[in-house]
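Student: here is the input, now give the coordinates:
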Amino acid sequence: MFTRDELRAVPLFSELADEQLDHLSRTSADLRLLAGEYVIHEGDARRVLFVLFEGLVEVTKVVDGAERAVGARRAGEVFGEVPVVLDTPSLVSFRAAGPSRVMRIEAKDFQILAASAPQVSSAVRARAEGRVRGLQEIAAAPASPRLTVIGPDRDRATKALRDFLQRNAAEFDWITPDDSAAPSVSHDGIAEGRHPVVRLRDGSLLRDPSNRDIAKAIGLRVAPERAMYDVAIIGAGPAGLAAAVYGASEGLSTLLVEREAPGGQAGTSSRIENYLGFPFGVSGGELAHRAFEQAKRLGAEIVVTRFAQEIAPSSRSLTLDGGHVVGAKTIVLATGVAWRQLDVPSLDRLRGRGVYYGAAPGEARSVQGKDIYLVGGGNSAGQAAVNFADYARSVTLLVRGDRLAVSMSHYLIEQLKTKSNVNVETGCTVVDAFGEQYLEAIVVAHAATGKTTRRPASALFILIGANAQTAWLPATIDRDARGHVVTGPDARRSRSWTIDRDPYLLETTAPGIFAVGDVRADSVKRVAAAVGEGSMVIAFVHQFLASAGQAAVT
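Tutor: You can find the predicted model right below:
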């Protein structure tokens, strides 16, 4: 609770009478924040005024899909004026940069104060107008990217790097070698013809860098720090991220290992509209980024550009690529699935040059004004079609089945009907593709007639389901016929389960090793279900550690 003296030290309140200060003291919340905690998120509709008493608060805004620091508030400063004065959602986020103490004044309580102290109301209104002008200037000014990528439009390595940066929420600019600005960035790199070339903010250059090189450059962790963890989680999709959040929040030393970027397949979804708590939908990338930051803030150690090569079930040691071995008291498999591929050789030849598996939201701009095709009848294909329709001249969805309702959610089917440039063709498959350097045409087979047609195509995105990538697991971890990991009651019926107790619900046939999300046999293929399993598995981890008499690593 704030005292009169503390409140009077704030310039905005310095001339208030004692009874007015007492009103603020009685009605305002006294928030104590840790580094990384948000005071309020961009887009939040709550009308609240804040005053910073101790510490430092960063002002952040999402610009081109990446969260960017655009200012700071220091002790004695007021913030949150714009929603209170203009009755709008918050235009920015406020995040504690270190231990901070913040005063929160609800709008109704501020209005009571303003009625008796017009000078306060006038000052807050003036600040709100200034904040709006400042944001307008930020929006008009070109951002200074952390990285500049130079590479051809349809170069496979350049596209892979752009995908990696975008999915890891890194700020970057991309220009092609024939852009007038390219020579000023890297004349030598262009002359050598090695793409992509990356210029860092300090001016140094990386030529054809690996994802790990880039990860180091943007400050991501690429190697574990400890030799032993309470729980090691493999895969940072929704299930793995949830497990990391709950494991770290409950005091377990938690390692999360991810091959590429947070989010898994869900991270590439342009908009998830049936996830609880987001009435207007949320992109998979945004959801993954928020969970990633949450897990880090709670203490999870997150390592990217690394993948598991081997697990020793008896000791639960984990061998990462490069021979790096870490120990874990428990392991959670959250490796998800990989896109299933069409068995068409000509598509393999053009992969990355007009033929793509999956459809990241960032690809939408690359199809501006073009005629493109998508293969698939599930939610991923529907979300991609809706997203691409805002950019492409035409989007044709090729579906092997005879109707969408079998595999696509009703809300997506209805959205597709509203897009005049989206055409859905059922009973169709792609059987061939043509193009010298890049995709130029595809051949579509029609099940009803047995005929084929050749179609000009600028891009083909294939989203036909996915397979579990579990061949690397030891034989003692049972899988079903499709490679998904067996857990719970099914594990109990396996000959591989050799101990007296029943396995926990998400436990595999190897005690202390669990599986969650899409990699698990008979899982529900929904983001919410994956998050639920990732959250729930930590309860079983605790039970296993307690039964084994193992204390948490400190």
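
Student: surely Phe50 touches Val78?
Tutor: Yes. Assessed by CB atoms under 8 Å, Phe50 is found in contact with Val78 at 7.0 Å. (Glycine included, C-beta is placed from N, CA and C.)

Student: strands paired with the helix or strand hosting Leu206, and their directions?
Tutor: According to DSSP states H and E, Leu206 maps onto strand 205-207. Each strand paired with strand 205-207, and its direction, by DSSP bridges: strand 197-200 (antiparallel).

Student: what comes up buried for the partner strand?
Tutor: For strand 197-200, the neighbour count (16 or more other CB atoms under 10 Å) marks 197-199 as buried.

Student: where along the stretch 351-500 of the chain do the helices fall?
Tutor: Applying DSSP state H, counting those that start in this stretch to the stretch 351-500 of the chain gives helices spanning 379-388, 410-417, 488-492.

Student: buried deepest among the ones you listed, which one?
Tutor: Ranked by mean neighbour count under mean count of other CB atoms under 10 Å, the helices of the stretch 351-500 of the chain are led by helix 379-388, which reaches a mean of 25.

Student: identify the bridge partners of Gly71.
Tutor: Assigned bridge partners for Gly71, using DSSP bridges, are Val59.

Student: against Met103, how distant is it?
Tutor: 19 Å (CB to CB, to the nearest Å).

Student: more neighbours: which of the two?
Tutor: Met103 (21 against 16; other CB atoms under 10 Å).

Student: then that one would be within a helix, right?
Tutor: No. Counting by DSSP: H, G, I helix; E, B strand; the rest coil, Met103 is located in no helix; its state is strand.

Student: need the per-residue pLDDT for it.
Tutor: With respect to pLDDT, Met103 scores 94.

Student: also Gln136?
Tutor: 67.

Student: for the protein, name the helix or strand with the lowest mean pLDDT.
Tutor: With mean pLDDT, DSSP states H and E as the measure, the helix or strand of the chain carrying the lowest mean pLDDT is helix 182-192 (a mean of 61).

Student: pLDDT weak spots in the stretch 201-350 of the chain?
Tutor: For the stretch 201-350 of the chain, no stretch is flagged by pLDDT under 70.

Student: how about the helices in it?
Tutor: Counting by DSSP H, counting those that start in this stretch, the stretch 201-350 of the chain has these helices, from start to end: 211-217, 238-249, 284-297, 345-349.

Student: mind giving me the packing neighbours of the third one?
Tutor: Just to be clear, that refers to helix 284-297. Applying 3 or more CB pairs under 8 Å, 6 or more residues apart in numbering; DSSP states H and E, one finds that helix 284-297 contacts helix 156-167, helix 238-249, strand 301-304.

Student: mind redoing it with 7 Å?
Tutor: helix 238-249, strand 301-304 (3 or more CB pairs under 7 Å, 6 or more residues apart in numbering; DSSP states H and E).

Student: try the shortest one
Tutor: Contact here means 3+ CB pairs under 7 Å, 6+ apart; on that basis helix 345-349 packs against strand 428-434.
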